[in-house]
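**Student:** Here you go, sequence then predicted model.
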Amino acid sequence: MDASSSPGEMSGRVARSRFYFSSPSPIVPSFSPIAPVFMSDLEVQTPTAFDAFADANAEDSGAKEYVHIRIQQRNGRKSLTTVQGLKKEFSYNKILKDLKKEFCCNGTVVQDPELGQVIQLQGDQRKNVSSFLVQAGIVKKEHIKIHGF
């Protein structure tokens, strides 16, 4: 820096750092006629986690006649397909055996205290299971609800 330049100037350039902490510009008044708005005053909904079971729990008593096919994310790319709501007169183990052979995947029947018996299959088999249940005559297409992304 030479003797002729002021402390704010360096070789013909104005140092920008001195403008960062300056007072408000003369165009904007220092007082605001508008009342302050706080984030707590705004009616903003915060995003929540997606619940695949929420719509089944919210439905009325007619939810018992639907077969719900869902996908649950495990870790990474791994997923699990669940089938619930089949009538109790069907043999879950025989249906599972046919599903496993048809789609070359592993699976199991899980006893849940709230939902009863639930069929679990490895992988995303939602569309496959839906078409299988309709073709086998187990469920009509309008009684199947597919949940998930």
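**Tutor:** Arrived safely.
**Student:** What is the longest helix of this structure by residue count?
**Tutor:** For the chain, the helix with the greatest residue count under DSSP state H is helix 92-103.
**Student:** Please name every helix or strand in contact with it.
**Tutor:** If you count contacts as 3 or more CB pairs under 8 Å, 6 or more residues apart in numbering; DSSP states H and E, helix 92-103 packs onto strand 107-112, strand 116-122, helix 126-135. Backbone N, C-alpha and C define where each C-beta goes, glycine included.
**Student:** Now the ones you listed in JSON lines, please, with extra columns for mean neighbour count, distance to residue 67 and mean pLDDT.
**Tutor:** As requested, those are exported to JSON lines (neighbours: other CB atoms under 10 Å; distance: least, CB to CB, whole Å; pLDDT from 0 to 100):
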{"stretch": "strand 107-112", "mean neighbour count": "14", "distance to residue 67": "15", "mean pLDDT": "94"}
{"stretch": "strand 116-122", "mean neighbour count": "18", "distance to residue 67": "10", "mean pLDDT": "94"}
{"stretch": "helix 126-135", "mean neighbour count": "17", "distance to residue 67": "7", "mean pLDDT": "95"}
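**Student:** didn't residue 86 look like it was pressed against residue 143?
**Tutor:** No - assessed by CB atoms under 8 Å, residue 86 is found out of contact with residue 143, at 10.3 Å.
**Student:** Lowest-scoring secondary structure element of the chain by mean pLDDT?
**Tutor:** helix 17-20 (a mean of 45; mean pLDDT, DSSP states H and E).
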